[in-house]
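S.K.: Got a sequence here, can you build the structure:
(3 chains, ligands or ions: 4)
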Amino acid sequence: MMSKLIFGRYIPGNSVIHHMDPRAKLLLSFYFIGIIFIANNWPTYVLLFAFTLLAIKLSGVKWSFFINGVKPLIWLILFTVVLQILFSASGGHVYLQWGIITISQFGLINGVYIFCRFVLIIFMSTLLTLTTPPLELSDAIEYLLMPLKVVHFPVYEVALMLSIALRFVPTLMDETEKIMNAQRARGVDFGEGNIFQQMRAIVPLLIPLFVSSFNRAEDLATAMEARGYQGGEGRSKYRILKWHGRDTWATVAFAALTVALVFLRA
Amino acid sequence: MAITFKQVEFTYQPGTPFETKALTDINVTIPDGSYTALIGHTGSGKSTLLQHLDALLKPTSGTVTIGDRVITPTTSNKDLKSLRQHVGIVFQFPESQLFEETVEKDIAFGPQNFGASEADALKLAAKMLTLVGLDSDLLQRSPFDLSGGQMRRVAIAGVLAMQPKVLVLDEPTAGLDPQGRLEMMEMFARLRHEQQLTIVLVTHQMDDVANYANNVIVMDHGQVVKTGTPQAIFKDPQWLAEHHLGLPKTTAFAQQLMARGMTFDEMPLTEDQLAAALVKQLPASMLGGGDHDE
Amino acid sequence: MSQIIDVEHLNYRYPQQAADQLTLTDISFTVAAGEWVAIVGHNGSGKSTLAKNLNGLLAPVSGKITIDGQVLSEQTVWDIRRKIGMVFQNPDNQFVGATVEDDVAFSLENQGIPRDEMLSRVAEALAQVDMQDFATREPARLSGGQKQRVALAGMIAARPQILILDEATSMLDPEGRAEVLQTIRQMKADSDLTVLSITHDIDEAANANRVLVVNDGHLVEEGTPAEIFQHGPALIKMGLDMPYPERLKAALARLGVQVPATYLTEKGMADWLWQLRSNK
Ligand SMILES: Nc1ncnc2c1ncn2[C@@H]1O[C@H](COP(=O)(O)OP(=O)(O)OP(=O)(O)O)[C@@H](O)[C@H]1O
Ligand SMILES: Nc1ncnc2c1ncn2[C@@H]1O[C@H](COP(=O)(O)OP(=O)(O)OP(=O)(O)O)[C@@H](O)[C@H]1O
Ligand SMILES: [Mg+2]
Ligand SMILES: [Mg+2]
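M.R.: Numbers count the residues shown, from 1 in each chain, chains lettered A, B, ... in the order given. Ligands and ions are numbered 1, 2, ... in the order given. Next comes the predicted model:
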């Protein structure tokens, strides 16, 4: 169970990337997704790949994790790419035409570009989650949502919910595995048989999982109240985020990348 | 049904940074008809070993022979059902696996998965409920309306309903009060005789090992470090302490007496054994008057 | 000694219960500051319900609860919760923080303690339970004994006057249990802590100055461990195991040996046997 969920998990490390401020990492990852759309020719895509691969190299995380990040999505990507190839506006040399289906030079190139975009986005977001503990991400989100306090958005509560949810992920995964094992021992085959049989096998898993999650939630609420939690107001914070020189440098690097992309694009 | 491990190794999440080797070179047999206790410090690999008894986990290398089935690293996940019918596992806090609307349906769930007709399964459910010492009024109740101890008995009935030959119990008395614990342990001893079961019990309670088991497997750091009768295992308190294990209360008390100079021909494990050994050493004047006390 | 807990005629019923039923009936007792009191009773007798009434997690139907001179009411409940630390049975369900140190800091954050002070108190508390090396670990990946020690560190950091343990050791192996009890003894030695421990464990109850026995929502007995342990086989009904000397006495009696009626500690039992044998 756990092993299948390697994608998106934090891998402890000591690199520059690991030590960056999570706010910088989060914002720059979003920014990166934005500037991917500036790229529209070979030099720009090559530059983006070079930049991404350099970042991965700096993080010291094994390449295989990034490949594994792409794997589960490969069919979705290929499907989109094929659609793009078959149905995009024709242009350049036409290799094949059949009804509304056209395979043209432009279509092919566009397909390849789309493939590159997917891979870049997945690599960069995988890099973010592999090098940032979930808790730091939720801190960063809390910080970035802070302006919404003006419109009475419950920022503290949302952030606490998020961090509790994150904290319960491993517990719930263990729980799921335990219940699955208990039901397997009673003769349930998960993931076998036709759709109807598979759906039926879910019930003995879901009901106990709900029941135990409710019990856990109730226990947790009791424990929180007993420890004096009365909502976000008046709380102090144990965790603080620090912006370092490396975060400024990373921002500068992204700015330089943007400038280069603008110059190189067709 | 005997279960034999040959050079079994098991690694969780191999090939990832989270790789954990949980079992190393396990060679051990659980004899047919035995009451085997599996003991060891937390994290020593007991639960991992236990999941191999039912092929819920398959060895990373080596073989596990369950009755006449041989499980190897490449055994397919299909047709393990006949095996799972013969080995019933009661996991820790089994009440957390209950899900049906009624107690009856929940107990009948296992047998139906193994091909019993609904009518047969329901009949079996009624029988199993009495077997675990619950009243048949409960059959139509929701399992979620019962007390913790009752829920646990229902879950155990659900495993017994598959009519296994081997019953595996992972800390079955955790969280119960002493009365509930005692009743539960007595129930397993009774079931063992009534149903001719082989029992494998994972426990931290050395008194339960002394009172009920006839074979003990001691694990530490993913290895089996000793097997033998309770007598043989509890003979060496120092060795047990090195493996983070305690003694049955009687044996610990007998050690105190021995420190003062008393001797015993055989290390006593239960209070009845100790009492019998003491009676031999006490003055005759103390005997015979007990009737007034009782 | 002043009374830090004073409960008078407490009655409690859960909202879904019928009006003529009570989960706790007319419970009255006091606990002196610095005392260690064990609360015992079989499963479902109402021990956890009682504990949750003490810090206002549940509101009684009637009765008066006074904690450290403050009468429990809606106005005082948050003050009172600061004075009481509670550790629960299932270590997995009481962690709020995603790392050990975050969790230990949780009560302090709630009290609005400045960050610098928090840092030192968290570090101190973790050192006291010998978990300083685990500060940045996920609680879910610790052993049971370690989890409960982290929960205790959360209490140490918050510096409560009263510590309530609701079967805090029941999910642990004997070694984890011993670790936790040792930590509590240490905490008591370091400060004038009052401890209320709900337990089925005879060794834990033996640590107490006084034992309260709850049965079906009634407080049926109170006494020193020695007084309570004298009940022999009846202890099982009270949700406690029999102390070992009592078990051995019963076994000897079955073989016709005349045994003393008074409660003997293990040492007392060993002395008695040794003396008998020497008289032979
Ligand atoms: N799903 C899992 N993924 C990775 N490692 C695991 C998993 N389950 C157990 N382990 C590791 O395998 C080792 C053996 O664990 P196991 O649960 O078999 O021990 P145990 O003897 O049953 O302990 P306990 O007495 O605490 O129940 C431990 O180091 C544990 O951390
Ligand atoms: N949230 C609830 N709603 C309704 N009834 C409850 C609730 N919690 C407990 N009860 C009932 O109140 C009674 C006392 O329960 P309580 O949990 O206080 O017992 P306990 O002495 O702590 O038992 P254990 O030793 O099992 O922890 C039980 O009959 C129980 O079923
Ligand atoms: Mg285990
Ligand atoms: Mg309770």
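S.K.: what's B:Ser96 in contact with, if anything?
M.R.: Counting by CB atoms under 8 Å, 6 or more residues apart in numbering or on different chains, B:Ser96 makes contact with A:175, A:178-179, A:182, A:208, A:211-212. All C-beta spots, glycine's among them, are computed from the backbone N, C-alpha and C.
S.K.: what about the residue in the stretch 1-150 of chain B that chain C sits nearest to, how many residues close to it?
M.R.: At 5.1 Å from chain C, B:Thr42 is the closest residue in the stretch 1-150 of chain B, using CB to the nearest CB. By the criterion of other CB atoms under 10 Å in any protein chain shown, B:Thr42 has 16 neighbours.
S.K.: pretty sure it is touching C:Lys147, no?
M.R.: No. Here B:Thr42 lies out of contact with C:Lys147, judged by CB atoms under 8 Å, at a distance of 11.1 Å.
S.K.: what about the helix or strand containing B:Val279, distance to the chain center?
M.R.: Secondary structure assigned from DSSP states H and E places B:Val279 in helix B:271-281. Counting by CA atoms, centre = their mean, to the nearest Å, helix B:271-281 is centred 28 Å from the centre of its parent chain.
S.K.: where does the residue nearest to the spatial centre of chain C land in three-state SS?
M.R.: Central residue of chain C (CA atoms, centre = their mean): C:Ser197, 1.1 Å from the mean position. Secondary structure state of C:Ser197, per DSSP: H, G, I helix; E, B strand; the rest coil, is strand.
S.K.: Which strand residues bridge it?
M.R.: According to DSSP bridges, the partner residues bridging C:Ser197 are C:Ala38, C:Leu165.
S.K.: Touching, A:Ala39 and A:Phe263? I think so.
M.R.: No. With contacts counted by CB under 8 Å, A:Ala39 stays clear of A:Phe263, the gap being 11.9 Å.
S.K.: More neighbours: which of these two?
M.R.: Neighbours per residue (other CB under 10 Å) separate A:Ala39 from A:Phe263, with A:Ala39 holding more: 22 against 10.
S.K.: Now the more buried one: closest residue in space that isn't a chain neighbour?
M.R.: Of all residues not flanking A:Ala39 in the chain, A:Tyr45 sits nearest, at 5.3 Å (CB to CB, 6 or more residues apart in numbering or on different chains).
S.K.: Where does the prediction get shaky in chain C?
M.R.: Along chain C, the parts satisfying pLDDT under 70 run over C:1, C:280.
S.K.: and the longest helix for it?
M.R.: helix C:174-190 (DSSP state H).
S.K.: For that helix, which outside residues touch it?
M.R.: Residues from elsewhere that reach helix C:174-190 (CB under 8 Å, 6+ apart): B:41-42, B:204, B:244, B:246, C:34, C:36, C:128-129, C:143-146, C:148-149, C:152, C:156, C:163, C:165, C:168-169, C:172, C:193, C:195, C:197, C:201, C:203-204, C:207.
S.K.: Would you state the helices of chain C in chain order?
M.R.: Remark: helices assigned in chain C by DSSP H are C:47-54, C:77-83, C:100-110, C:115-128, C:144-158, C:174-190, C:202-206, C:225-229, C:244-254, C:266-278.
S.K.: correction: the stretch 1-150 of chain A
M.R.: Applying DSSP state H, counting those that start in this stretch to the stretch 1-150 of chain A gives helices spanning A:16-19, A:22-35, A:42-59, A:63-70, A:74-87, A:105-131, A:134-145.
S.K.: can you put the ones you listed in JSON lines and add mean neighbour count?
M.R.: Below are these laid out as JSON lines (neighbours: other CB atoms under 10 Å in any protein chain shown):
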{"stretch": "helix A:16-19", "mean neighbour count": "18"}
{"stretch": "helix A:22-35", "mean neighbour count": "18"}
{"stretch": "helix A:42-59", "mean neighbour count": "17"}
{"stretch": "helix A:63-70", "mean neighbour count": "16"}
{"stretch": "helix A:74-87", "mean neighbour count": "14"}
{"stretch": "helix A:105-131", "mean neighbour count": "19"}
{"stretch": "helix A:134-145", "mean neighbour count": "20"}
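S.K.: Mean pLDDT and distance to C:Thr224 for these - can I get that in CSV?
M.R.: Output for these, formatted as CSV (pLDDT from 0 to 100; distance: least, CB to CB, whole Å):
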stretch, mean pLDDT, distance to C:Thr224
helix A:16-19, 92, 57
helix A:22-35, 94, 55
helix A:42-59, 94, 62
helix A:63-70, 82, 61
helix A:74-87, 85, 70
helix A:105-131, 89, 57
helix A:134-145, 86, 47
